[in-house]
Every structure is written in C-alpha cells, then in structure tokens.
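Visitor: Have a look at this prediction, sequence included:
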Amino acid sequence: MRPRSIRCAPLLTGTLIGLLTGPAGAEPPPDPRRGEAFFNTAFVAAPSPATLRDGLGPLFNAAACDQCHSRRGRRARPGDGEPLPNALVVQLSQRRPGGGWAPHTAYGTTFNPLAVAGVPAEGRVIVHWRTEQGRYADGKNWRRQAPDYEFQALSHGPLGPEAAFSVRGAAALDGVGALARIPAAVVLARADAEDRDGDGIRGRPNWIVEDGEPRLGRFGWKANHPDLESQIAAALINEQGISTSRRPESGCAPPQKRCQAAPNGGEPEMADDDLAALVAFVAGLAPPAPVAGHDPAGHGAALFRALGCAACHQPSIEWREQGQPVRLAPYTDLLLHDLGEGLADHRPDQHAGGREWRTTPLWGLGRARRAGLPACYLHDCRARPLEEAILWHGGEAAASRDAFTTLPAPRRRTLLDFLEGL
Amino acid sequence: MKVLLALALLPLPLAALAQAENSGCETYAAPEQAVVERFAAASLPAPTGGEDGTPARLDTGTAYQVTLLPQARVRFVAEPGRHTLAAGAYATTLVFHTDQAGPYRAYIDDASWVDLVDENGKRVPSEDFGGRHDCRPLRKFVAYSLEADHDYVLQLSGGTRQRIRVLVQPVPR
C-alpha cells in the first residue's frame, strides 16, 4: 500500500501552460516530463514493489494511457465480428426508477473487458457492421456502416432494459491544453440554444455542476468534463482503475465482490503531484499542425464554409490574454449540437442529450492517414474513410451533409483533401 | 445502433479465469498464432552472454526466456523512444544478426516498449505493430524492415515483469 501523499494546492488546468515558478519557498511547478513517463508507463496490479505504478484495476481497459491515446492519431476500426479494441470504451448508464440516470448497478460507468488475476473481467463486446447505401446527386454510390453490438460473457448478468451504453473512442490529445485556455465567455458567445438567428444551428454548452457550481464542459465527446484534470482523473479510474484524490472511488460496482476485495495501490493510488505532472504533460501537447502547403483560404476552405461546416467546426477562435491576441485554429466551437438519430446514443451526460455531441476538433484530422496509419472517425470509430463521417451528420448538420451529397465528385474530393490536410 | 444479443453467464469460476485471460489470443492472425504456441512452451532457453553488461545474443527464429534488469541499471545503446517511469520498470538490451534482408518481427509476452537500434546507434523506425492486451502468451509484436548481414540491438524498456519471452524472426514471404 502506498502512503498518502501531501495534497498539492488546487491547480487550474487552464493556466498550466503559463505556469511560472513561484516565489522562493513555493512548491515547484508540475513536471511535464514526469507526466510523460506516467503517460507511457504501464500500471501493474497491487501489491507491487513498484509503488509508483501499482494499483491497476482490478477492472480496466488498458494498463497505460498510450495504449489507447496514440500520439500519431492512429485509430484502428475493428472488423466485423471482432471485439472492440481497448481504445473504444463502452460507457454505461442506467435509468433511475424515479427518472434521471445513474451508473449501471452491476457494471458501473465503464465496461471493463480486462481484470487483474482473481477478478472476473466484465465481459467483451463484439461489433457487427451493417452497411447502408445511397447515391450522390452525380449518380455515384455511397456507403456507410452502422455498428451493432453484442455483449458476451457478462460476468454479472445481463445489462437489462433500463441500461444505456455509448461507445467512445480514445480522444486525440494534441492541443487540448490550448482548448483549456479559451475563455468560457468566448465559447458561450457562439451558443444559440434557441436558434435566434434562424440558421438551423443551435450550439449549447454542457454545464458540469461541481460543488454546487456550474462549470462549462469542454472536454470529452459530450463536453462532459470542465477541465483536463477531470477528464484525466475519470479516465484513470474508469479505464485503468487508478484512483486519485479527484476520483477516489474504487471503480468496482456494488455487486462485484471480488473486485472490491482485491488489494489496491493506496488511497489514492496516484499521488496529487503525479496527477498534476500527468495533466501538465497532456496540457503541454502542442496543437497539431496542418500539412505543409495546406491553404486555410483556398478552394477547400471556401467549400468548407459554403457547405456550412464552419458554423460548428469553427476554423478560428481568437481572444486576448494580458492584452496580447491569441489565435487558435481548432475547427470546433466546443458546443453541443444535435447530430440526428443516426449518431444518437440515447445516453444523456450531464446536460447533454442523447442526440447531442460536442463539435469534434478537426485539427490533426488527417495526421494518421498521412502517416499511413489506420484511421477512423466519429465517436465510435464507425466511419472509414472520412467521407463516411460526413454522411453520418444529421440533425443540425443535415443541411451541410445534403449539400455535400449534391457536389460533383471532384468538389467532394477538394473538400476531403482540405480536411485531410488539417 | 442495436444490441444484437446479451449473453448472460454465471460468473466465471476461478479455474476458467486463466482461460479468459488468453481469450484475445484467438483473434491473432495465423503467423502470430504460431508464436502463441511457441511462447506457451513449458520452458525456453536463455540467450547467451550479457553478463558483462553488453547485450545478450539472440538467434533469429529461436524463442527465448529473458531475464531483465531493473531499468536504472541498464545501459541503453540509444535513448528509448518512449520515456517511461524507471522506478519499478525492467529493461534489457539484446543483439541479433540478420542473415537475410526483409521484414522481421520482434515478439514479446509483455507490454515493454520495444526499440530496435542499428549498428550506427540509430533507432530503426517500425513498420507496424500489433498486440492483444488479453493474450498473456503473446502481448505484442513490432515489425521492421531490416538489411542483411547486420547486427541490431533490441531494447526493451518500461517492462512490468522481470522475465519475459522474446522471439525475433524474419517474416516468411
């Protein structure tokens, strides 16, 4: 068991990038290099002489952050009939009898296909792909694939009719620290939940209530985390079974007795300063750069705007810090949008509804493919190639999708080349 | 999105847990299945040499049981490509010679980070990699394209176990 570490002063994730050494006697700033080591290091089951890295599980999806969060954007889609890879996490909820949602009574908030010795893993999820077809206005056929999931070998009984689940791919992390710096007021300025301007685009924030205070959600597929520490601490406990002072729970659902009886690596298992180092490392990952020669004002960019994509995938966000202009090109507004029934998971998350998704940042979109690595798109990695992701856009984005389908093939290619150059 | 079927089984008895640990092995392709079988052998030879701190020698095509050292005690030929926690980690360096040019794969039964270093001390970029978190006999492999009649150093770092199984072999054409 690890001794409890001295708790660090609370850190504001949004200021991590500009954190300076304080006055003499102040605690040193978090060490991103140490955080990188934690990011790359596989945790092990407790007890272990390696006290810095023990506490894995008892239930988990991967032993190390980098086993799912590829630094080169690699995302491999499972084939038909194959189990979901570790980088595709199944999140769970269960409808409460009186209304609202809670963690699943038998499996908690995350379905864990792996476990330490002596503890049963929760099962596995197999995906089957169902093909849908259509035709572009120019007569060419298009195809997209929808996932159907099969839960097998469930360790604690069936999920039940009140369960909801959502498959979520491991997020690309480059640039998240920059997204954390965007002032909330800048994000909220574009919110239009009532569609007052009548353009069909709403965009609303997800509010995360912590200690009674609402905070703007900005990270996660449904903007369900207000800061990086929240998202990282959630991933550590839900997907690796590593507790922190931010998330001190065991990660074992009530019926899972063997899980609860398994030894842990301390309380918490990751010390505050190590968590701060990990957050500092992730926050310091530079935003991805577009491919050389990429023209943000060329034909592809113009088409991107003309189709209405920029209404949500905001190409540029600007604000001032200490009087100096700051500009990012993330291609996101960080707001929630209704993307229609086709992409719905029907699993609300905080104030996000079952059809709503945070606009995915498109910077770095083409990085994996340019490197010859596998790539797939959307929250559950269903779309491959990139044009399938466009074809899945519905709801507020239906008009843009329909406009895309009316383009002749060369112009569709122009838009795709633009996106793959981001 | 649909749920096709939810199969509920009674909780697995402990005797079946070990089998469940290897349930991911079946999804490997045929070449990796052959390595799974080799790594499942009761005993494997240890590589020769390495007592003086130089890399122990592997023959390509032979599977070995390798004893790693605490990472802080290992002298790497090149800086590992992944910065990992040294505390509690195990590492080693192993050298092998290539008789033929072409694709090779390094297989291990642990989640160690794998680097390959050429005779000039430069890391060789990998061509591909794969692995199964839930396949204990074969945890991962890394693929390279190598030149003939060269020595290469296989560096393992950030490992969680002191004894692991290692195989380096050319990929059959």
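Guide: Right, received. Where do you want to start? Residues are numbered from 1 along each chain as shown, chains lettered A, B, ... in the order given.
Visitor: Return the residues in contact with whichever residue of chain A sits closest to chain B.
Guide: Taking Cβ to the nearest Cβ, chain B has its nearest neighbour within chain A at A:Ala50, 2.2 Å off. Any C-beta I mention is one placed from the backbone N, CA and C, and that applies to glycine too. Residues near A:Ala50 by Cβ atoms under 8 Å, 6 or more residues apart in numbering or on different chains: A:Val44, B:Ala87, B:Gly88, B:Ala89, B:Thr160.
Visitor: Report the residue spans of chain B with pLDDT below the cut-off.
Guide: B:1-23, B:173 (pLDDT under 70).
Visitor: Okay, strands next: where are they in it?
Guide: Assigned by DSSP state E, chain B shows strands spanning B:2-8, B:56-58, B:63-67, B:69-70, B:90-97, B:102-108, B:113-117, B:128-131, B:140-146, B:151-159, B:163-170.
Visitor: follow-up on the earlier one: would you list the contacts of A:Ala50 in CSV and tack on neighbour count and distance to B:Leu69?
Guide: Supplementary listing: the contacts of A:Ala50 in CSV, determined by neighbours: other Cβ atoms under 10 Å in any protein chain shown; distance: Cβ to Cβ, whole Å:
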residue, neighbour count, distance to B:Leu69
A:Val44, 22, 17
B:Ala87, 15, 14
B:Gly88, 20, 13
B:Ala89, 26, 10
B:Thr160, 25, 14
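Visitor: Identify, from these, the entry nearest to A:Pro290.
Guide: Of all those, B:Ala89 has the smallest distance to A:Pro290: 36.5 Å, by Cβ to Cβ.
Visitor: and that closest one, what is it in contact with?
Guide: Neighbouring residues of B:Ala89 by Cβ under 8 Å, 6+ apart: A:Thr41, A:Ala50, A:Arg53, B:Pro70, B:Gln71, B:Ser157, B:Gly158, B:Gly159, B:Thr160.
Visitor: Can you tell me which of these lies closest to A:Ala223?
Guide: Closest to A:Ala223, out of all of the contacts of B:Ala89 and judged by Cβ to Cβ, is A:Thr41, at 29.0 Å.
Visitor: what's near enough to touch that closest one?
Guide: By Cβ under 8 Å, 6+ apart, the contact list for A:Thr41 reads A:Arg53, A:Ala64, B:Thr84, B:Leu85, B:Ala89, B:Gly158.
Visitor: how about 6 Å then?
Guide: By Cβ atoms under 6 Å, 6 or more residues apart in numbering or on different chains, the contact list for A:Thr41 reads A:Arg53, A:Ala64, B:Thr84, B:Leu85, B:Gly158.
Visitor: what ranges do the helices span in chain A?
Guide: Assigned by DSSP state H, chain A shows helices spanning A:32-40, A:176-181, A:184-188, A:228-239, A:257-261, A:272-283, A:299-306, A:367-370, A:386-391, A:398-406, A:409-420.
Visitor: ok, residues contacting the first one?
Guide: Residues outside helix A:32-40 that contact it (Cβ under 6 Å, 6+ apart): A:Cys65, A:Asp66, A:Ala277, A:Leu278, A:Ala280, A:Phe281, A:Gly284, B:Arg82, B:His83, B:Thr84, B:Leu85.
Visitor: Could you report the separation of the last one from A:Thr51?
Guide: Think B:Leu85. B:Leu85 sits 11 Å away from A:Thr51 when distances are taken as Cβ to Cβ, to the nearest Å.
Visitor: tally of neighbours for the residue nearest to A:Glu388 when sequence neighbours are not counted?
Guide: Distances taken as Cβ to Cβ, 6 or more residues apart in numbering or on different chains place A:Arg144 nearest to A:Glu388, at 4.5 Å, with adjacent residues excluded. When neighbours are counted by other Cβ atoms under 10 Å in any protein chain shown, A:Arg144 registers 20.
Visitor: So which bits of chain A are right by chain B?
Guide: Proximity of chain A to chain B, by Cβ under 6 Å from any Cβ of the partner chain, involves residues A:36-37, A:40-42, A:44, A:50, A:52-53, A:86, A:114, A:120, A:147-155, A:157-159.
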